[in-house]
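*Asks:* Structure, please.
(one chain, ligands or ions: 2)
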Amino acid sequence: MTLVLGIESSCDETACAIVRDGHAVLANVIASQHELHEEYAGVVPEIASRAHVERIVPVLRRATADAGVTLGDIDAVSVGHRPGLIGALLVGVAAAKALAWSLGKPLIGIDHIHAHLYAGLLDRPGEPADRPPDHAELFPALGLVVSGGHTALYRTTSPIDIKRLGATIDDAVGEAYDKVATMLDLPYPGGPNLDRLALEGDDHAHDFPISRLDRDSLDFSFSGLKTAVLYTIRGLPQRDSAGGSSFTRGPSDLTPKQKADIAASFQRAAIRALILKIERALDQSSDFRSLLIGGGVSANMRLRHDLADLCRTRDLPLMLPPMDYCMDNAAMIAGLAYHMLRAGLVDDLTLRAEPTSRIEQR
Ligand code: KG4
Ligand code: ZN
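*Replies:* Ligands and ions are numbered 1, 2, ... in the order given. Alright, predicted model coming up:
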């Protein structure tokens, strides 16, 4: 039995988890900072770093208590060390180094984006499996990460071997959700609120563009969709007498029904663009045995529904994380770290926090 402690502090969630043998989640504690960033309608890096410092030790204590273990029982310490807000990452990395050094256990730095793809391979909450899932049946897998900062497709031949096939050339899909939510004057956090509002709207009320890019491209683009939504809400910008431009209307001019229709139509175009690229990747390579999905937007109802449809049609297993593991969490960090540990991919105390992902360079 191998117990791995995971620490995650890349953005606005302070999280610690304890995972046994890479699949059984014994503790998954997440302290969200949403309330601290709400009034700024976005994450304020300094506030995030300070909150991580205050919360990391209580969150760690809670995780060991929930798992019914002591720190002495831990076999390895893992931490999300990239990508993210540098000050926020530093808190988790410093805590992980201190623990690994004082316990005399291996330290494992994990790429947060890579870990999102692992979330679908963890045991479901409340349904611990006796044995780990049979990875031989699932790989090679097509992976899709849909988060606030990243949108990319990957070819994964094992939990640790991963190669990028395509990525967004502008906004991440979560970022597009958050920006459109702001345009519609929805409360923070935007993505989940837009998802809820879209349920009440007509998704064919507006014919927003679905980006395809070149015929064979596995890249994504969401900026054209975002601009189309902006002009629908605010009208075309008008030149003013000072030579600048301004909008003549805004979200307060919309009825609740009009807002819901825009939300639903945006969501149809955004999700269709994702599904289209998955279909393309599957058509380009016939050896994918499953679909692995991860990142905050994998909590989206319509995406979950459309992915289930796609996988049913293609007869592919869908490894979609349960809601608890869609958003940033440390269980996905500890789960992936178990496989790194087994492969001897451990770090030393020179491990650095890094603002960008490096998966594509593997
Ligand atoms: O993976 P995540 O928690 O953090 C990053 O690594 O970026 O993803 C956060 C993103 C945010 O943009 C948030 O608005 C979006 O995921 N999100 C959603 C939903 N829940 C979270 N977007 C659409 N529908 C949702 N239900
Ligand atoms: Zn994330």
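*Asks:* secondary structure class for the nearest residue to Pro125 once chain neighbours are set aside?
*Replies:* Nearest residue to Pro125, sequence neighbours excluded (C-beta to C-beta, 6 or more residues apart in numbering): Asp324, at 5.3 Å. C-betas here are computed from N, CA, C, even on glycine. With DSSP: H, G, I helix; E, B strand; the rest coil as the basis, Asp324 sits in helix.
*Asks:* Give me the neighbour count for Asp324.
*Replies:* Residues lying near Asp324 (other C-beta atoms under 10 Å) number 17.
*Asks:* And for Glu8?
*Replies:* By other C-beta under 10 Å, 30 other residues sit near Glu8.
*Asks:* same check, this time on the one 3 residues further on
*Replies:* Number of residues near Cys11 (other C-beta under 10 Å) recorded here: 25.
*Asks:* who touches the residue nearest the centre of the chain in this structure?
*Replies:* With distances taken as C-alpha atoms, centre = their mean, Gly295 lies nearest the centre of the chain, 2.0 Å away. Each residue near Gly295 by C-beta atoms under 8 Å, 6 or more residues apart in numbering is listed here: Ile113, His116, Val145, Val146, Ser147, Gly148, His150, Thr151, Gly174, Cys326.
*Asks:* what does the chain put close to ligand 1?
*Replies:* 11, 147-149, 174-175, 177-178, 189-192, 195, 295-297, 299-300, 327-328 (C-beta under 6 Å from any ligand atom).
*Asks:* Separate out the buried members of these.
*Replies:* Among the residues of the chain next to ligand 1, those scoring as buried are 11, 147-149, 174-175, 177-178, 189-192, 195, 295-297, 299-300, 327-328 (criterion: 16 or more other C-beta atoms under 10 Å).
*Asks:* where exactly do the helices run in the stretch 251-362 of the chain?
*Replies:* 256-284, 301-314, 331-342 (DSSP state H, counting those that start in this stretch).
*Asks:* Check which residues of the longest one are buried.
*Replies:* So that's helix 256-284. Buried, per 16+ other C-beta under 10 Å, within helix 256-284: 258-275, 277-278, 280-282.
*Asks:* The second one now?
*Replies:* For helix 301-314, a neighbour-count test (16+ other C-beta under 10 Å) marks Arg302, Leu303, Arg304, Asp306, Leu307, Leu310, Cys311 as buried.
*Asks:* got it, and the shortest one?
*Replies:* Judged by neighbour count (16+ other C-beta under 10 Å), helix 331-342 contains these buried residues: Ala331, Met332, Ile333, Ala334, Gly335, Leu336, Ala337, Tyr338, His339, Met340, Leu341.
*Asks:* if we take those residues, which one ends up nearest to ligand 1?
*Replies:* Closest to ligand 1 out of the buried residues of helix 331-342 is Met332 (9.8 Å), distances taken as C-beta to the nearest ligand atom.
*Asks:* per-domain residue ranges of this structure.
*Replies:* 3-125+324-342, 138-321 (automatic domain parsing).
*Asks:* Of these, flag the one that's most buried.
*Replies:* Greatest average neighbour count among those goes to domain 3-125+324-342 (a mean of 22), per mean count of other C-beta atoms under 10 Å.
*Asks:* roughly how far apart are His339 and Gly22?
*Replies:* According to C-beta to C-beta, to the nearest Å, His339 and Gly22 sit 6 Å apart.
*Asks:* One more: Ala98?
*Replies:* Here the criterion is C-beta to C-beta. By it, Ala98 lies 24 Å from Gly22.
*Asks:* What of Val93?
*Replies:* 22 Å.
*Asks:* go on, Pro192?
*Replies:* In terms of C-beta to C-beta, Pro192 sits 29 Å off from Gly22.
*Asks:* okay, the closest residue to His81 other than its chain neighbours: pLDDT?
*Replies:* In space, and not counting its chain neighbours, His81 is closest to Gly109: 4.0 Å by C-beta to C-beta, 6+ apart. Model confidence at Gly109, given as pLDDT, is 98.
*Asks:* Is the helix or strand in which Gly109 is found positioned near ligand 2?
*Replies:* Using DSSP states H and E, Gly109 sits within strand 107-111. No: judged by C-beta under 5 Å from the ion, strand 107-111 stays clear of ligand 2, getting no closer than 10.8 Å.
*Asks:* Tell me which other helices or strands that strand touches.
*Replies:* Secondary-structure packing of strand 107-111 (3 or more C-beta pairs under 8 Å, 6 or more residues apart in numbering; DSSP states H and E): strand 76-82, helix 86-103, helix 331-342.
*Asks:* Any chance of the ones you listed in TSV with mean pLDDT as columns?
*Replies:* Formatted as TSV, the helices and strands packed on strand 107-111 follow (pLDDT from 0 to 100):
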stretch	mean pLDDT
strand 76-82	98
helix 86-103	98
helix 331-342	98
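*Asks:* how about CSV for those, with distance to ligand 2 added?
*Replies:* Output for those, formatted as CSV (distance: least, C-beta to the ion, whole Å):
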stretch, distance to ligand 2
strand 76-82, 8
helix 86-103, 12
helix 331-342, 9
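*Asks:* Using a markdown table, lay out those together with distance to Phe288.
*Replies:* Formatted as a markdown table, the helices and strands packed on strand 107-111 follow (distance: least, C-beta to C-beta, whole Å):
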| stretch | distance to Phe288 |
| --- | --- |
| strand 76-82 | 26 |
| helix 86-103 | 32 |
| helix 331-342 | 20 |
